[in-house]
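>>> Build me a model from this:
(4 chains)
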Number of protein chains: 2
Amino acid sequence: MHVDSVHRCLLSDVPHTRVEQKAHTRQALLDTALRLLEDRSLDSLGLRELTREVGIVPTAFYRHFPDVASLGVALVEQCLGGLRTAVRAVRDGIADSDAVISRSLSVLVAQLHERREHFRFIARERHGGVAPVRRAIREQLDLSAAELATDLLTRRLPHVTALERWEAQDVRMLATLIVDHVVQTAAALLELPPGDEAAASDTIDMADRQLRLIALGSRHWPG
Amino acid sequence: MHVDSVHRCLLSDVPHTRVEQKAHTRQALLDTALRLLEDRSLDSLGLRELTREVGIVPTAFYRHFPDVASLGVALVEQCLGGLRTAVRAVRDGIADSDAVISRSLSVLVAQLHERREHFRFIARERHGGVAPVRRAIREQLDLSAAELATDLLTRRLPHVTALERWEAQDVRMLATLIVDHVVQTAAALLELPPGDEAAASDTIDMADRQLRLIALGSRHWPG
DNA sequence: CATTTCAGTGGACAGTTGTTCACTCAGTTG
DNA sequence: CAACTGAGTGAACAACTGTCCACTGAAATG
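Numbering: from 1, shown residues only, chains lettered A, B, ... in the order given. Below is the predicted model:
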């Protein structure tokens, strides 16, 4: 029960270099927190509970974060940062398809299955009880919206003609609407009972129609 | 410090009938909870903390609710129930205006100013850590969406022609999109610094354009 | 007027929480 | 090889938590 605590023995082994050890424990803290927050909110997560689960003593927590809120913003950056690069990679992958919308949506659904607790955490803490975490999420989502906006401007979408002649704020408006809707859809999907495939495809179907309606509106903007 | 506790003395006075007293204390619990939850989430609210603030002994709480979660769903019903009737009254008030959207939006903003903590609670707990509360909110929002759907079908909106020939699920799809967007806008407004009027009007302006874009899409549906 | 009802009392229970402190001892450094 | 650094230790602190229990006393009941 000394230096070789639980999380050290079990996981990726031998590198006993010091910085790697620290990074490893830090990651264990983040992962365990994400797991514990599957059906609770961040400000009900106790420092002791977390460290107990990780297998270290409470005070060791302070070597990595000053408090739980900081752990929260680190978690946000890891979740949404990784998600953004993933989405970007996919967007770069498909050159320009005709059905960009339903394509992107199915990508989202796939991401949602293999990163459930990431999405859940973001949806839960977006308007949650910890102010710094809220700010961090807003920052990342704004960044995502900005990326989507330039993406919309760069490639010619088939249904959105003459987008390049829009006002800049209108492009941003559209991107924000889409991002918000996607996050909202993800949250809705996550609250469904895990087995219910029928309800899930219903939700996805509705989200798809909603996105198409938005695209339809964009085509005729500014009316 | 006996029977005539704090909340009894201060607020609406003499009716010492028993059921009124109980209802009064119950309401004090709800109000105080709403106040305490201004910048925290529900599952970090302690039973003792709440009763201490109300001015009753911890165990007295159980005379009104079996646990904090139940207090939460009661709060949801009070917030969203009241809000729904308020919105309905306003909608019945204006016969049919040309600018329904921006009209409704300014109504929302007005409601948002005089019921800040109600909206904040709903936005925070919608995807928050307490499952029964989440379910209650979803129920109420679905109800709101259904009301809006029949409202959209009943009165002829100027910009949404031939809505009565839509599929039922499409009307619901539109109503859900609008309700979600309104809730989202409310949450965004609430997270702004209270004094910043410029940022607020920016947000409102963007929400207005987004709603008009949705209406524009509706006009051309199903494309 | 005697009896019942029940919202609120107050104390005690065993757990939990965040933070402090001096400490150990493996990995790094000069 | 000796000195240093710093991630993790373990005990102790005061304060807090939810829930149990027998109780009081005013309003309601018949």
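>>> how near is residue A:23 to residue B:108?
47 Å (CB to CB, to the nearest Å). Glycine gets a C-beta too; all of them are placed from N, C-alpha and C.
>>> who has more neighbours, those two?
residue B:108 (21 against 13; other CB atoms under 10 Å in any protein chain shown).
>>> For that one, give me its contacts.
Applying CB atoms under 8 Å, 6 or more residues apart in numbering or on different chains, we find residue B:108 in contact with B:182, B:185-186.
>>> in what helix or strand does it lie?
Secondary-structure assignment from DSSP states H and E places residue B:108 in helix B:100-114.
>>> Relative to the whole chain's centre, how far out is that helix?
On the basis of CA atoms, centre = their mean, to the nearest Å, helix B:100-114 sits 13 Å off its chain's mean C-alpha point.
>>> From residue A:179, how far out is residue A:147?
Noted for residue A:147: a distance of 9 Å to residue A:179, by CB to CB.
>>> who's more crowded, these two?
Neighbours were counted for residue A:147 and for residue A:179 using other CB under 10 Å; residue A:179 has more, 19 against 16.
>>> name the element that one belongs to?
For residue A:179, the element it lies in under DSSP H and E is helix A:168-190.
>>> which other residues reach that helix?
Taking CB under 8 Å, 6+ apart as the rule, helix A:168-190 contacts A:108-109, A:112, A:116, A:119-120, A:122-123, A:126, A:141, A:144-146, A:148-149, A:152-153, A:163, A:200, A:203-204, A:207, A:210-211, A:214, A:218, A:221-222, B:127, B:177, B:180-181, B:184, B:206, B:209-210, B:213.
>>> Contact partners for residue A:149?
So residue A:149 contacts A:171-172, A:174-175 (CB under 8 Å, 6+ apart).
>>> make it 10 Å
For residue A:149, the contacting residues are A:166, A:168, A:170-176, A:178-179, by CB atoms under 10 Å, 6 or more residues apart in numbering or on different chains.
>>> Just put the residues you listed in CSV and tack on distance to residue A:64.
Shown next, in CSV, are the contacts of residue A:149 (distance: CB to CB, whole Å):
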residue, distance to residue A:64
A:166, 45
A:168, 41
A:170, 43
A:171, 40
A:172, 36
A:173, 40
A:174, 40
A:175, 35
A:176, 34
A:178, 36
A:179, 31
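>>> Buried ones only from those, please, as a PyMOL command.
Command for PyMOL that selects the buried part of the contacts of residue A:149, burial taken from 16 or more other CB atoms under 10 Å in any protein chain shown:
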select buried, chain A and resi 166+170+171+172+173+174+175+176+178+179
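>>> which among the contacts of residue A:149 gets closest to DNA strand C?
residue A:179 (32.5 Å; CB to the nearest atom of the strand).
>>> Grab the nearest non-local neighbour of that closest one.
residue A:145 (4.7 Å; CB to CB, 6 or more residues apart in numbering or on different chains).
>>> what's the answer for residue A:166, then?
Residue A:166 sits nearest to residue A:221 (CB to CB, 6+ apart), 7.2 Å away.
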